Every structure is written in C-alpha cells, then in structure tokens.
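> model the following, please.
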Amino acid sequence: MNILTWSVLALSLLVSSTSWSQDPALGAWHTLDEDTGEVKSLVILSLAQDGTMHGKISQVLQKHDGNGLCGACEGEHKNQPIEGMTFIWGAKNTALGEWQEGQLLDPESGKVYNSHITIGDDPHELEVRGYVGIAMFGRSQTWQRAAQ
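Residues are numbered from 1 along each chain as shown. As a prediction, this is how the structure comes out:
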C-alpha cells in the first residue's frame with residue numbers, strides 16, 4: 001500500500017510540474033487588424049524540436065483581395081500559401097512569457113524582422129514586436145488569446 005501511495009504522489013507531481021512549465025506565451029492567438037480591431041488570423045505558437053518558439057498561421061480569418069499566397073515574400077516563402085505558413089521561428093525563451101532573438105515574417109510586406117514576444121500584464125494579451133537592428137526602432141502588435 002505504501003508503494004501505491006508514493007507512486008500516485010510521484011505521478012501527480014510529474015503531471016502538475018508539466019503544466020507549471022507550460023509557457024503562457026505558447027498556444028492559440030488572434031492577430032488583430034490595427035485599423036479596425038477585427039480579428040485577422042488565428043496563429044499557433046509552439047515549441048520546435050530545438051526548444052525555440054515557432055509560430056504558424058493556422059487560419060486567415062480576414063480575407064484580402066490577394067490569392068492567399070505570399071507573393072511579396074522571398075526565398076522559401078515566395079508564393080507559398082499564407083495559411084499553414086511558419087512565420088515565426090528561432091525565438092529563445094529568456095523568461096516565463098518572454099521570447100527574443102527570433103525572426104518574424106510579415107506576409108503582407110514579405111519582410112523579415114527580429115522579434116521580441118512577451119505576455120502582457122493581462123495574460124490574455126501578447127505583445128509581439130518586430131524590429132530591424134534595435135528593438136526601439138520597431139513596431140508592436142497586441143494579440144488576443146484565442147479560446148481553445
């Protein structure tokens with residue numbers, strides 16, 4: 001009986017420590033149109049095999065006049081479908097809810113920026129900053145957590 005009690009205790013600690021280690025920045029997020037405030041897309045932020053963050057555009061919710069391809073992109077992203085595209089890669093976890101040193105692709109312009117991603121004061125908001133060179137010279141967006 002004592003072994004069973006210890007086994008249950010060890011298993012419950014393992015399960016709870018796994019949920020504690022889940023970074024709040026990971027998961028499903030809605031990007032917002034900066035002009036209208038409407039939801040543009042659903043993105044999923046998750047861990048890559050190497051422990052860095054990557055983000056995929058799961059669904060484009062606000063359709064544009066384009067054909068759904070990244071015509072402005074260069075390299076491997078050129079003329080690729082925006083839905084399903086990995087547009088964030090290489091971000092490193094520097095603190096719980098904070099990721100830096102990654103790359104962020106803007107499918108509208110085709111430009112690649114450095115990224116700084118942090119969970120906001122409100123855990124349902126994510127600050128995503130894209131910049132060239134120094135983070136001070138960039139642009140930020142606030143994303144809203146999507147219901148899962």
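> immediately after the helix or strand bottoming out on mean pLDDT in the chain, which helix or strand?
Within the chain, no helix or strand scores below helix 2-20, which has a mean of 40 by mean pLDDT, DSSP states H and E. Downstream of helix 2-20, the first helix or strand assigned by DSSP states H and E is strand 27-32.
> show me where this structure has strands.
27-32, 39-47, 53-60, 86-95, 98-105, 112-119, 125-131, 138-145 (DSSP state E).
> name the strands paired with the longest one and say parallel or antiparallel.
Using DSSP bridges, the neighbouring strands of strand 86-95 in the sheet come out as strand 53-60 (antiparallel), strand 98-105 (antiparallel).
> could I get those strands as JSON lines with distance to Ile134?
The way it works is simple: take the backbone N, C-alpha and C, and place the C-beta from them, glycine included. Formatted as JSON lines, the strands paired with strand 86-95 follow (distance: least, C-beta to C-beta, whole Å):
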{"stretch": "strand 53-60", "distance to Ile134": "21"}
{"stretch": "strand 98-105", "distance to Ile134": "13"}
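> and the ones you listed as a markdown table, adding mean neighbour count and distance to Leu26?
Output for the strands paired with strand 86-95, formatted as a markdown table (neighbours: other C-beta atoms under 10 Å; distance: least, C-beta to C-beta, whole Å):
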| stretch | mean neighbour count | distance to Leu26 |
| --- | --- | --- |
| strand 53-60 | 20 | 7 |
| strand 98-105 | 20 | 9 |
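> what residue lies at the spatial centre of this protein?
Leu45 (3.4 Å; C-alpha atoms, centre = their mean).
> so that one sits against Gly27, correct?
Yes: counting by C-beta atoms under 8 Å, Leu45 does reach Gly27; the two are 6.3 Å apart.
> show me the shaky parts of the chain.
In the predicted model, the chain carries pLDDT under 70 at residues 1-21, 64-65, 148.
> ok, 90 please
Scanning the chain for pLDDT under 90 picks out 1-22, 34-35, 37, 62-67, 120, 133-137, 147-148.
> closest one to Ile82 among the strands paired with strand 86-95?
strand 53-60 (5.7 Å; C-beta to C-beta).
> and that closest one with strand 112-119, angle?
Relative orientation of strand 53-60 with respect to strand 112-119: 90 degrees, computed using axes from the mean of the first three to the mean of the last three C-alpha atoms, to 10 degrees.
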